[in-house]
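Q: next comes the sequence, and after it the predicted model I'd like to discuss.
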Amino acid sequence: MPLESVQSLMQRARSGGYAVGYFESWNLESLQGVLDAAEETRSPVFIGFNGDFLSGPDRLCRERLELYAAAGVAAAVSASVPCGLVFNECARDDWVEAAIGLGFNLVVPSDPSASLDDCVRRVRTLTEVAHARGVSVEAEVGELPCGVACGGAGGSLTDPDQAAAFVAATGVDLLAVSAGNVHIQVQGEQPLDLDHLAAIRERVSVPFTLHGGTGIAADSLRESLALGVAKVNYGTYLKQRYLRAVREAVSSDEINPHALLGMGGAADVMVAVRLAVRDAVLERIGTLGCCGKAGHPVPE
């Protein structure tokens, strides 16, 4: 089916008391694994790619954003459940503008190094460009701490008053908040600060996104759904499962390279990683309350 509008996905989630998962992909196998799980559970889903990674200046090969966009749009069209397509967390405004024009219907400008005033100015401009094309925008107020895999940097909780002013000044459609969630947490889980999340909700009415879904304790995440969380992002644990599957698959004694890559049988590494991503999504998607909601009606 065609891409589902982000507004529709969020309205349904808010009215139904669930969240839609964004399970980040990085290649065709991970993308198909996410869709496999969403279709198996009849769940609406966000698919997409990490803009910060794709646009990184230290990449050895230039990435063709057009290919990623076309793959994402085609994936949504092929799916039997509603899909939104995310260009996630990118500090380069030129890449965000390109993503808007290429078919992503949710973009996430994010530059932690920018001052608040500069961030407001840039996000407001990008939001105007995006809205003119029917594309939604998510931005973050506050900064998530980073797990030990990326240095354990501090972060800061989202200030409720600052968040309200930011949403009013920029016109963003979703707000990513920092309330105890952690980026790139490679082991363990921790609860959210639900009281702080409730304080933000008192000042801000747009749907909330929680980045760092990998490290959020399940009970805490379920409770957050009543406080305006309508989208949860997952990435780290998907790649952990993918890498585990790669290591196991390449340890095979199979010497036929075609059997290992492309034939689609039991020895195929590409099949192993697709199934690993599917199973990883299936482990978490039920916590969001979205299973069986693929046909949930838009509220009047």
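A: Sure thing, it's come through. Residues are numbered from 1 along each chain as shown.
Q: how about the strands in the chain?
A: For the chain, applying DSSP state E gives strands covering 20-23, 45-50, 83-90, 106-109, 136-141, 174-177, 208-210, 229-234.
Q: could you dump the ones you listed to JSON lines with distance to residue 157, mean neighbour count and mean pLDDT?
A: Where you see a C-beta, it was placed from the backbone N, CA and C, and this is true even at glycine. What follows is these, written out as JSON lines (distance: least, Cβ to Cβ, whole Å; neighbours: other Cβ atoms under 10 Å; pLDDT from 0 to 100):
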{"stretch": "strand 20-23", "distance to residue 157": "22", "mean neighbour count": "27", "mean pLDDT": "98"}
{"stretch": "strand 45-50", "distance to residue 157": "24", "mean neighbour count": "26", "mean pLDDT": "98"}
{"stretch": "strand 83-90", "distance to residue 157": "19", "mean neighbour count": "27", "mean pLDDT": "98"}
{"stretch": "strand 106-109", "distance to residue 157": "19", "mean neighbour count": "29", "mean pLDDT": "98"}
{"stretch": "strand 136-141", "distance to residue 157": "10", "mean neighbour count": "25", "mean pLDDT": "97"}
{"stretch": "strand 174-177", "distance to residue 157": "8", "mean neighbour count": "25", "mean pLDDT": "97"}
{"stretch": "strand 208-210", "distance to residue 157": "13", "mean neighbour count": "26", "mean pLDDT": "98"}
{"stretch": "strand 229-234", "distance to residue 157": "15", "mean neighbour count": "26", "mean pLDDT": "98"}
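Q: format these as TSV; extra columns: distance to residue 280.
A: Output for the strands of the chain, formatted as TSV (distance: least, Cβ to Cβ, whole Å):
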stretch	distance to residue 280
strand 20-23	8
strand 45-50	13
strand 83-90	18
strand 106-109	22
strand 136-141	23
strand 174-177	22
strand 208-210	18
strand 229-234	8
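Q: between those, which gets nearest to residue 266?
A: Proximity to residue 266 (Cβ to Cβ) singles out strand 20-23 among the strands of the chain, at 24.9 Å.
Q: contacts for the closest one?
A: For strand 20-23, contacts defined as Cβ atoms under 8 Å, 6 or more residues apart in numbering pick out 9-10, 13, 34, 37, 43-48, 84, 86, 88, 209, 213, 230-235, 238, 277, 281, 284-285, 288, 290.
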